[in-house]
Each structure stands twice: as C-alpha cells, then as structure tokens.
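Enquirer: For reference, the sequence and a predicted model appear below.
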Amino acid sequence: MKFVKMHGLGNDFVFIEDKAGKNKDFSQLAVKMCKRHTGIGADGLIVIVPSEKADVRMRIINADGSEAEMCGNGIRCFAKYVYDHHIMAKEEFTVETLAGIMKPKVLTGEDGKVQLVTINMGKPFPERRKIPMNGPSGTVINEPLTVDGKEYRITSLLMGVPHTMIYVKDVEQVDLPVLGPKFETHPAFPKKTNMNFVQCIDSHTIKVHTWERGAGATLACGTGS
C-alpha cells in the first residue's frame, strides 16, 4: 500500500487514495495505521475520494476508527496533496466533506509546489441543537458544566465538528489526558466534543491545548483555532 505522511502544525495524518470511490469502512485500517508504536503513527487517516458533488472528496477517519465531519489542518494538507499530485490542476477548488463543501485555495512557490493553503471553513454555529448538546434551546456561552463534581464554565459551538472551550489561567497546569476524555464523552454531548483549554496571553495572543474527539491530545487543531 502506498501512503503519504503529512502534518499541519504537528497535527499529523496518513494519506491514501481510494480511486474507486466506494464507501469502504476504513475504521480498522485507521486504528492500525495511526498507532504510534506499531503503526505509522498519526492523529487520523485521510482518504482522497472522487466526488459527485465537488471537485474531490475528503474522508477523515480518527485514530480510534470514528469518522469525523471535518478537519481544519487535515484539509490544508489535503489541498496540498491533491494539487502536488496533479489530482487538482486549479489553485482554488471545492472539497466535499461530511460538514459540507469546503473551498481551499493554494499558493505555490517557484518550484510549483504548494507553500501555503488558505480556507474559509464557514461560520461557527453556537446554537445548542446544532452542536449538538443536550439542554434547552439557545447558545452555549459561559455556561456551567459539572465534571467529576467540579463546575466549569464552558462555551461550545459547531465548527464543522463540535468544540468546547474553557478559559484558564495557565494551560500548562491542565491535566489534559485526564480532563480531555471526560469532557469529550460527557453525557451532555451526544456526538462527543473536541475540548480546548484556552489561556489568554494578551489582547492579540492565546495559547490552546486541545483534546481532539477520536484522536486524543493533538499538537494543533484547525477547527479548534
């Protein structure tokens, strides 16, 4: 099997092509390939598939085998892959995802290879029913949520995938491997949630530690940003 390993700000992926375009179940393959010690090692498996709705289709299967709707860093890597491998010849194109049609734009260097990718991922949806999150209708902003008997103030929204934020004084003091999965699988989130612990450094800078739904702790998260 031929594959390519790529990363966006440390958020890493294994890429394969499914030229037949069938809805294959890649769950077990993703689990095996993404294992850090016995596989290639990655946060997820990304599959390039032909599309009937857009120029090309992206599937993202998390390291635990679950399929995600979208991935910000993943689609940036995806755009570079399909352009550099001549699957796409134009610098702006459409990508079918489970979160809708995305439109990345690539900028190339003197060698003709992609140096930068920009993408408009659309607007965030803070409404509870769209996240989705259990409870009364309305937005989820600075709302209390109890985890292990402790109350936290959370803000949640949908950015292609569910995201929840907690603002803290020092992200380095957050026990991410312990708290991350407890928020991810909290009963309030029927489709689970990505978890972002955010520290405001100054009026222009934030520091974020992310626990990603289906992947665990990641070095970066595009949709989370």
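Expert: Perfect, thanks for sending it.
Enquirer: and the gap between the residue nearest in space to the middle of the chain and Phe197?
Expert: For the chain, the residue sitting closest to the mean C-alpha position, by C-alpha atoms, centre = their mean, is Cys71 at 3.1 Å. Separation of Cys71 from Phe197 (C-beta to C-beta, to the nearest Å) stands at 19 Å. In this view, the C-beta of every residue, glycine as well, is placed from N, C-alpha and C.
Enquirer: same question, Met165
Expert: Met165 is 8 Å from Phe197, by C-beta to C-beta.
Enquirer: between the two, who's got more neighbours?
Expert: Neighbour count, other C-beta atoms under 10 Å: between Met165 and Phe197, Phe197 has more, with 24 against 20.
Enquirer: how about stretch 188-205: buried residues?
Expert: Buried positions in stretch 188-205, judged by neighbour count with 16 or more other C-beta atoms under 10 Å: 188-189, 192-199.
Enquirer: Oh, that last question was meant for stretch 65-84, not what I typed.
Expert: 65-83.
Enquirer: Report the rounded mean pLDDT for that stretch.
Expert: Stretch 65-84 comes out with an average pLDDT of 97.
Enquirer: Any idea how far that stretch is from the middle of the chain?
Expert: Computed by C-alpha atoms, centre = their mean, to the nearest Å, the chain-centroid distance of stretch 65-84 equals 9 Å.
Enquirer: May I have it exported as CSV, CA atoms only?
Expert: Below are the C-alpha coordinates for stretch 65-84, written out as CSV (Å, rounded to 0.1, in the frame of the first residue of the first chain):
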residue,chain,number,x,y,z
GLY,A,65,-11.7,4.5,13.9
SER,A,66,-14.5,7.0,14.1
GLU,A,67,-15.2,9.2,11.0
ALA,A,68,-15.1,12.9,11.5
GLU,A,69,-17.1,15.5,9.6
MET,A,70,-14.1,17.9,9.0
CYS,A,71,-10.6,18.7,10.0
GLY,A,72,-9.0,22.2,9.5
ASN,A,73,-5.4,21.1,9.5
GLY,A,74,-6.3,18.0,7.6
ILE,A,75,-8.0,19.8,4.7
ARG,A,76,-5.0,22.1,4.4
CYS,A,77,-2.7,19.0,4.0
PHE,A,78,-5.4,17.5,1.7
ALA,A,79,-5.3,20.6,-0.6
LYS,A,80,-1.5,20.4,-0.9
TYR,A,81,-1.7,16.6,-1.6
VAL,A,82,-4.2,16.8,-4.4
TYR,A,83,-2.5,19.8,-6.1
ASP,A,84,1.1,18.5,-5.8
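Enquirer: right, and the helix or strand after the lengthiest helix in the chain?
Expert: Secondary structure of the chain per DSSP state H: the longest helix is helix 72-84. Sequence order places strand 95-97 as the next helix or strand after helix 72-84, per DSSP states H and E.
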